[in-house]
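Peer 1: sequence and predicted structure below; questions after.
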Amino acid sequence: MRRALALAREAEAAGEVPVGALVVLDGEVIGEGWNRPIRSHDPTAHAEIVALRDAAARVGNYRLTGAALYVTLEPCLMCAGAMVHARIRRLVFGAADPRAGAAGTVFEVLESPALNHRVEVAGGVLAMDCGEQLRAFFRARR
């Protein structure tokens, strides 16, 4: 999660909401990303999507079976859906998202029995640090 926080600082330095993500498989980081929707003019360029794309390109497969995704903020519906399609085994997130969280806070997507794949979820890892990074960013913008 500390690496994800460092990636979130990259987003903040670029004027983006500070969210960072990485994909780990067999103890090795295979994908990294941070929020880029503003600069890239791409509403899908969330940190999780960027990290998933990076990981898929590195392994040469859109399925990331057995991989874990670490992210500083609970994923939204779009990112949760992408994790299901990629067959991510485990999600580890920092701060909960009370407005759009799709890993249990607002929506329960990743462990839904209605889907053909379920993602194990562990939330609240370094939640104070992750949350404070976001709060400080928004305080500075107001």
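Peer 2: Yep, that arrived. Numbering: from 1, shown residues only.
Peer 1: which regions of the protein lie under the pLDDT threshold?
Peer 2: Nowhere does the chain drop to pLDDT under 70.
Peer 1: can you give me the strands for it?
Peer 2: 20-25, 28-34, 68-73, 90-95, 120-122 (DSSP state E).
Peer 1: identify the bridge partners of residue 122.
Peer 2: Per DSSP bridges, the residues bridged to residue 122 are residue 92.
Peer 1: that older thread, pick the most deeply packed of the strands of the chain.
Peer 2: Greatest average neighbour count among the strands of the chain goes to strand 68-73 (a mean of 27), per mean count of other C-beta atoms under 10 Å. Every C-beta, even on glycine, is put in place using the N, C-alpha and C of the backbone.
Peer 1: C-alpha coordinates for it, CSV please?
Peer 2: Below are the C-alpha coordinates for strand 68-73, written out as CSV (Å, rounded to 0.1, in the frame of the first residue of the first chain):
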residue,chain,number,x,y,z
ALA,A,68,-4.0,-8.8,-6.3
LEU,A,69,-4.8,-5.2,-6.9
TYR,A,70,-3.8,-2.6,-4.3
VAL,A,71,-5.4,0.8,-4.4
THR,A,72,-5.5,3.8,-2.1
LEU,A,73,-9.3,4.4,-2.5
